[in-house]
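**Q** model this:
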Amino acid sequence: MAADRVERRLSAIFVADVAGYSRLMGADEEGTHARLNEHLSALAHPEIEKHGGRLIRSAGDGILVEFASVVGAMRCAVAIQRGMITRNADVRIEKRIEFRIGINAGDIIIEGGDIFGDGVNVAARLEALCEPGGICVSQRVREDTQDKVDVEFEDSGEHQLKNIARPVRVYRVSFGNVPARPALALPEKPSVAVLAFENMSRDPEQEYFADGISEDIITELSRFSDLFVIARNSSFRYKGRAVDLRRVGRELGVRYVLEGSVRRGTDRVRITAQLIDAASGVHRWAERYDQKLKDVFAIQDDVARTIAAILVAHVNMAEAERTLLKPPATWQAYDHYMRASAAWISFQSSWQMAELLRTRGHLADSLAIDPKYARCYTMLASTHRVAWLNPLNDEYLRPTILDLAIKLARTAIALNPSLPEAYAELGYNIVRRRDFDAATAAAERALALNPNFADYRLAQIFYSVGEPTRAIAIAKLQMRLDPFHPHFAPLMAGVAHYHLKEYHDAQHWLAEAIGRAPNHQYGHAFLAATYAQLGRIEDARAEASEVLRLNPKYSISGTQKQVSILKRAEDLEHLVDGLRKAGLPP
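**A** Numbering: from 1, shown residues only. Alright, predicted model coming up:
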């Protein structure tokens, strides 16, 4: 009986792999292999030994290490990532080897020198959530290392990790003044990032209002084609943190950073804003607005116009007289819309139906006050489109639900013909009715209204109508404008590469997408087809099993063909061929 007893212990588990390894190997197999081995032997392995780690496995681009001390594991990870920044300093970006490291503390099973269990699985999932050059840890690791290691922790919220029953709170690690991400090259256009304005009100419920001010400034600045504006998702990543603005400029690849604060009283609002040259730290402009709350929309417009004028003085009068987003009739309607936006963001990370219903509730409250608020109709259309696409409730794949989403998007356009996201939502939905010409026209109209509007919905429209190269360009632009982009952008890039039969590139982007959203059935389906076309049948079967875990009723003809509407018959045949080779049910 003693021989059958399972040996267990509490350990720190350290998992690392190389970001974009398949892409690197595809471009230069021998060179990548040699460089990786050199990094491991000269840096990683000595640091692991120095900090008391036990190397369990080292295969391909990944390593698994056990540490008796969580502090030792964290110090080892920081030393490796700092060392890689130095080693990559003179290496071209496309050839850089960058590690992603996940650390967890938990109970493990020891068997024959190897380790197993949920503690190991969580560490592997944390690694998959990392950006290149980054470190992600669990809450237990953060608690055990805080004030013991010279790092800062950024709370990324709870994540439902693949094959892990309970949600896991994830923290991203910043170490000292060394940037966790390599510096991005500055674009040719004047470039700006708008950080989340600080809520100076005593009421924490007003947090969404401060976020809304920042978001609307981003929207207004994005209307200038001569500006390069970082997306909200990336600039808001620094929210609530004391950060070096030079570092923000390096990580986001921008020349200027706008920061500010909002203090809201009973009937007045004070907004302060200052523009900083991120390279030098010099303040270029600062202003304070103190107005009655009813004038808040005029204040937002004034802030956006003033900053834009400083950055792009050569923008002509016609562009300066652009059509503005139509504000709601009262600020109370705007309050409800911003609450809906907060709930919608929460849903997109959690995929919990309660958050989607909360979004709809706030939108209903807003429209009860201002029935002509176009942005509400666009977001409401999105909530029904998501429910139609995914098995969340009884709206899944019901034709009337898709009809409703289309109707709501058209209502938004009728109320405000200058709303790019309404055209993107409309095109994204009507392409599934095989109305390819109208979908393309909607996408082109969105881009005409705002040349900086890079959105995954436009990417899907273009690969659906047979323009995958254009889809890739849009998806990559969204990822550049939003360095902390959601999983939809790499998903669309991966699908478009699949249609071009560029399977190694497709695998790279699709793997990134499901690493960010492990419970997205279509990401697993496309990756399964990609692996099958690469001849990696075992991997294809594993991804197919994930599809069926998430949706036991999935079928190629009954599910995938309803949502993957492709204009060219050869594109559909190509997709079906990959899905069948992967073993998904017909």
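
**Q** using the three-state scheme, assign the closest residue to I369 other than its chain neighbours.
**A** Nearest residue to I369 in three dimensions, chain neighbours excluded: A333, at 4.1 Å (CB to CB, 6 or more residues apart in numbering). (Glycine included, C-beta is placed from N, CA and C.) Recorded secondary structure, A333: helix (DSSP: H, G, I helix; E, B strand; the rest coil).

**Q** what about A333, distance to L367?
**A** Counting by CB to CB, to the nearest Å, the gap between A333 and L367 amounts to 8 Å.

**Q** please enumerate the shared neighbours of these two.
**A** By CB atoms under 8 Å, 6 or more residues apart in numbering, A333 and L367 have these common neighbours: Y373.

**Q** tell me where the stretch 301-450 of the chain has helices.
**A** Ranges of helices in the stretch 301-450 of the chain, per DSSP state H, counting those that start in this stretch, are 317-320, 331-350, 353-369, 374-389, 399-415, 420-430, 436-449.

**Q** need the winner for burial among those.
**A** helix 420-430 (a mean of 27; mean count of other CB atoms under 10 Å).

**Q** what's the angle from that helix to helix 374-389?
**A** In terms of direction (axes from the mean of the first three to the mean of the last three CA atoms, to 10 degrees), helix 420-430 departs from helix 374-389 by 30 degrees.

**Q** helices or strands next to helix 420-430 in the packing?
**A** helix 374-389, helix 399-415, helix 436-449, helix 456-464 (3 or more CB pairs under 8 Å, 6 or more residues apart in numbering; DSSP states H and E).

**Q** wait, T383 sits on G361?
**A** No. In this structure, T383 is not within contact of G361 by CB atoms under 8 Å, at 10.6 Å.

**Q** please report phi then psi for H487.
**A** phi -70, psi -20 (degrees, to the nearest 10).

**Q** next up, the contacts around it.
**A** Going by CB under 8 Å, 6+ apart, H487 touches 512-517, 520, 523.

**Q** nearest to F197 among the residues you listed?
**A** Within the contacts of H487, proximity to F197 (CB to CB) peaks at R516, which comes in at 26.5 Å.

**Q** excluding chain neighbours, what is closest to the closest one?
**A** If the residues on either side of it in the chain are set aside, R516 comes closest to H487, at 3.7 Å by CB to CB, 6+ apart.

**Q** if I look at the one you found, how far off is F228?
**A** Distance from H487 to F228, by CB to CB: 23 Å.

**Q** wait, what's in contact with Q560?
**A** Taking CB under 8 Å, 6+ apart, one finds 522, 525, 554, 575-576, 579, 584 in contact with Q560.

**Q** now, of the residues you listed, which are buried?
**A** In the contacts of Q560, burial by neighbour count holds for 522, 525, 554, 575-576, 579, 584, counting by 16 or more other CB atoms under 10 Å.

**Q** which of the residues you listed fall in helices?
**A** Counted as lying in helices by DSSP state H, out of the buried ones among the contacts of Q560, are 522, 525, 575-576, 579.

**Q** how about the contacts made by the residue nearest to I369?
**A** 366-367, 369-370, 373.

**Q** one more pass at 10 Å, please.
**A** For A333, the contact set (CB atoms under 10 Å, 6 or more residues apart in numbering) comprises 327, 365-373, 376.

**Q** the residues you listed into TSV, with extra columns for pLDDT?
**A** Formatted as TSV, these follow (pLDDT from 0 to 100):
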residue	pLDDT
P327	53
D365	94
S366	92
L367	95
A368	94
I369	91
D370	90
P371	93
K372	91
Y373	91
C376	94
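
**Q** could you dump those to a markdown table with distance to T219?
**A** Output for those, formatted as a markdown table (distance: CB to CB, whole Å):
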| residue | distance to T219 |
| --- | --- |
| P327 | 12 |
| D365 | 22 |
| S366 | 17 |
| L367 | 20 |
| A368 | 24 |
| I369 | 21 |
| D370 | 18 |
| P371 | 22 |
| K372 | 19 |
| Y373 | 15 |
| C376 | 15 |
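
**Q** what's the closest of these to V18?
**A** Distance to V18, by CB to CB, is smallest for C376 among those, at 44.4 Å.

**Q** show me what contacts the closest one?
**A** Contacts of C376 (CB under 10 Å, 6+ apart): 328, 333, 336-337, 340, 362-367, 369-370, 408, 411-412, 415.

**Q** try it again with 6 Å
**A** When contacts are counted by CB atoms under 6 Å, 6 or more residues apart in numbering, C376 is found next to 337, 363, 366-367.

**Q** ok, now V149?
**A** 74-75.

**Q** assign a three-state SS to it, would you?
**A** Recorded secondary structure, V149: coil (three-state DSSP).

**Q** E29: neighbouring residues, count only.
**A** Counted by other CB atoms under 10 Å, the residues lying close to E29 total 10.

**Q** distance of it from G134?
**A** From E29 to G134 the distance is 25 Å (CB to CB).

**Q** now E47
**A** In terms of CB to CB, E47 sits 17 Å off from G134.

**Q** who has more neighbours, the two?
**A** Legend: neighbour count by other CB under 10 Å for E47 and G134, higher for G134 (22 against 18).

**Q** for H283, see how far away the more buried one is.
**A** From G134 over to H283 (counting by CB to CB), the distance is 30 Å.

**Q** again, but for E158
**A** 38 Å.

**Q** swap in V141?
**A** 38 Å.

**Q** neighbour count winner among these two?
**A** Between V141 and H283, counted using other CB under 10 Å, V141 has the larger neighbour count: 29 against 10.

**Q** could I get the full set of strands for this structure?
**A** With DSSP state E as the criterion, the chain has strands at 7-18, 53-59, 62-67, 99-111, 114-116, 135-138, 152-159, 168-174, 191-194, 198-199, 228-229, 256-264, 268-277, 283-292.

**Q** what lines up beside the second one in the sheet?
**A** Okay, so that is strand 53-59. Note on strand 53-59: by DSSP bridges, its sheet partners are strand 62-67 (antiparallel).

**Q** next: the first one.
**A** The pairing partners recorded for strand 7-18 under DSSP bridges are strand 62-67 (antiparallel), strand 99-111 (antiparallel).

**Q** alright, I will stop here.
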